[in-house]
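Q: Quick one, structure for this:
(one chain, ligands or ions: 1)
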Amino acid sequence: MTTTLLNNGLRIPSVGLGVYKASPEDTYKTVLAALKAGYRHIDTAAFYQNEPDVGRAIKESGIPRSEIWVTTKLHIGEMRNPTEAFNKSLERLGTGYIDLYLIHAPIQGRRLQAWKEMEVIYQEGKAKSIGVSNFNIAHLEELINSSTVVPAVNQIELNPFLQHVDITEFCKSKGIVVQAYSPLTKARKLDDPTLVEVSTGLGKTPAQVLIKWGLQKGYVTLPKTVNPTRLVENISVFDWTISAEDMKKLDALECNFVTEWDPTQWGTKNETWGQWAIEKVIHNFVA
Ligand SMILES: NC(=O)c1ccc[n+]([C@@H]2O[C@H](COP(=O)([O-])OP(=O)(O)OC[C@H]3O[C@@H](n4cnc5c(N)ncnc54)[C@H](OP(=O)(O)O)[C@@H]3O)[C@@H](O)[C@H]2O)c1
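A: Presented below is the predicted three-dimensional model:
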């Protein structure tokens with residue numbers, strides 16, 4: 001497993017197991033199997049309702065806590081009480097500390113105050129790193145200009161079909177590591193002809209090529225699976241490379257393919273009616 005250097009000097013394993021929409025039982029079994037298979041990084045969230053199962057698997061794996069990276073996220077419904085939300089996540093995980101704590105989405109009117117409290121959690125050492133998710137350039141600039149800690153990461157939806165080049169370039173310029181979520185397009189584009197052609201040429205699967213594409217871009221990538229065979233497939237990506245020519249073919253697949261939600265558009269001119277409605281419902285819920 002390769003690692004990526006963060007702006008606070010820590011190294012994060014470059015591939016993490018995502019557990020969004022994994023049931024508690026599947027989460028427990030899969031995290032245990034993943035740790036046996038060589039994963040050392042798990043990406044969960046309060047919203048996923050499987051933190052206790054991640055924690056139980058880590059404990060039972062017998063692997064020292066210090067060798068495993070655990071990320072969890074501040075629930076959008078708990079933006080008013082980040083410290084309390086953090087403590088509840090930590091208790092559910094039972095991991096003693098959290099390696100990376102993220103603001104799950106850039107809720108207007110709440111995100112700056114939440115970040116201030118997260119800076120305290122970071123300074124107290126309860127979270128070894130803090131970061132954000134689904135932030136666009138304006139969200140990031142506002143945060144950086146009004147705080148002391150620059151986010152260690154920005155976790156956004158990223159794959160060849162949705163590349164967010166503007167955000168990734170900005171993050172790079174500020175020393176913020178980009179994490180790619182839904183790197184497999186939730187399995188919706190695995191039969192894309194160009195992707196299949198590149199994969200066949202390499203003798204790899206489309207899922208492996210999507211993961212490797214993210215790694216070669218310098219992203220930390222977070223594929224999710226609860227299938228034991230695919231678990232191994234998804235980390236068998238370190239002893240081969242995609243050529244510059246094939247990377248170009250993959251780069252040309254950009255088509256703004258959003259699988260579920262896109263909070264990076266919140267508060268921008270590009271926000272669609274659907275996104276605007278989701279944002280308003282969430283804001284009313286959070287307010
Ligand atoms: N911050 C955020 O707002 C946010 C949003 C979404 C996701 N995330 C994080 O990113 C992680 C990954 O994203 P995601 O769960 O949306 O989707 P994803 O990783 O892009 O895709 C997961 C889907 O691909 C399938 N799959 C996995 N490996 C495969 C393989 N080798 N071949 C074929 N199919 C395969 C999985 O099915 P099986 O499980 O049956 O294998 C599942 O249906 C999440 O779990 C979560 O940790 C964060």
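Q: going forward, measure contacts between C-alpha atoms and count neighbours the same way
A: Noted.
Q: burial of the residue found closest to Glu67 once you drop the neighbours it is linked to in the chain, as a residue count?
A: Using Cα to Cα, 6 or more residues apart in numbering and skipping residues adjacent in sequence, the residue nearest Glu67 is Arg40, 6.7 Å away. For Arg40, the neighbour count with other Cα atoms under 10 Å is 24.
Q: Next: Lys269.
A: 7.
Q: tell me the phi and psi of it?
A: The phi and psi values for Lys269, taken as degrees, to the nearest 10, are phi -70, psi -20.
Q: returning to what we had before: looks like the residue nearest to Glu67 contacts Ile12 (just checking).
A: No - between Arg40 and Ile12 there is no contact, the gap being 9.0 Å when judged by Cα atoms under 8 Å.
Q: what touches both of the two?
A: Between them, Arg40 and Ile12 have Trp69 as joint contacts when contacts are counted by Cα atoms under 8 Å, 6 or more residues apart in numbering.
Q: can the helix or strand hosting Asp26 be found next to the ligand?
A: For Asp26, the element it lies in under DSSP states H and E is helix 24-37. No - Helix 24-37 stays out of contact with the ligand when judged by Cα under 6 Å from any ligand atom, the minimum separation being 9.3 Å.
Q: Please identify the pairing partners of whatever helix or strand comes next after that helix and their relative orientation?
A: Of the helices and strands lying after helix 24-37 in sequence (DSSP H and E), the nearest is strand 41-43. Its sheet considered, strand 41-43 pairs with strand 17-18 (parallel), strand 69-74 (parallel) by DSSP bridges.
Q: quick one on the thing from earlier: what are the contacting residues of the helix holding Asp26?
A: Contact partners of helix 24-37, identified using Cα under 8 Å, 6+ apart, comprise 17, 19, 42, 49-50, 53-54, 56-58, 60-61, 225-228, 231-232.
Q: Same check on stretch 135-145?
A: 105-106, 112, 115, 150-151, 154-156, 166-167, 170, 263-265.
Q: Filter these down to the ones in strands?
A: Mapping the contacts of stretch 135-145 onto strands (DSSP state E) picks out 154-156.
Q: tell me the pLDDT at Phe279?
A: Not quite, residue 279 is Glu, not Phe. For Glu279, the model assigns a pLDDT of 74.
Q: Would you enumerate the residues in contact with it?
A: The contact partners of Glu279, by Cα under 8 Å, 6+ apart, come to 263, 266.
Q: hmm, try it at 7 Å
A: Contacts for Glu279 were tallied using Cα atoms under 7 Å, 6 or more residues apart in numbering; they are Trp266.
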